[in-house]
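**Q** One predicted model, sequence on top.
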Amino acid sequence: MTTLDALGISAGRLLTTVKTEPPAQRQKGVMVKDVAELVDVLKKKGLI
């Protein structure tokens with residue numbers, strides 16, 4: 001097996017973390033009674 005040093009390759013760090021932020025808070029969802037109502041809501045929103 002050939003080592004990285006023998007190939008002249010450096011295994012240094014390639015990425016640096018600059019900043020992290022939590023994701024935006026999600027909006028409250030819609031409560032439905034059954035699957036039929038869910039499908040109706042999704043159709044009205046144009047999602048299906």
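**A** That came in fine, so what should we check first? Being a predicted model, the structure only gives us computed values, none of them experimental.
**Q** Pull the number of nearby residues for Ile48.
**A** If you count neighbours by other CB atoms under 10 Å, Ile48 ends up with 9. Glycine gets a C-beta too; all of them are placed from N, C-alpha and C.
**Q** What's the separation between it and Val18?
**A** Ile48 sits 39 Å away from Val18, going by CB to CB, to the nearest Å.
**Q** Pick out the least confidently modelled helix or strand of the protein, by mean pLDDT.
**A** The helix or strand of the chain with the poorest confidence is helix 4-7; it has a mean of 88 (mean pLDDT, DSSP states H and E).
**Q** What lies in contact with that helix?
**A** Contact with helix 4-7 is made by 10-11, as judged by CB atoms under 8 Å, 6 or more residues apart in numbering.
**Q** and the gap between the most far-flung residue of the chain relative to its centre and Gly12?
**A** Using CA atoms, centre = their mean, the residue of the chain lying farthest from its centre is Ala6. It sits 38.6 Å away. Noted for Ala6: a distance of 17 Å to Gly12, by CB to CB.
**Q** Restricting to C-alpha, output the least confident helix or strand of the chain in CSV.
**A** Taking Å, rounded to 0.1, in the frame of the first residue of the first chain, the C-alpha atoms of helix 4-7 are listed here in CSV:
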residue,chain,number,x,y,z
LEU,A,4,-0.1,9.8,0.9
ASP,A,5,3.3,11.2,1.8
ALA,A,6,4.9,8.9,-0.8
LEU,A,7,2.6,10.3,-3.4
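**Q** list the buried ones in the helix or strand that comes right after it?
**A** Using DSSP states H and E, the helix or strand that follows helix 4-7 in sequence is helix 35-44. Residues of helix 35-44 classed as buried by neighbour count (16 or more other CB atoms under 10 Å): none.
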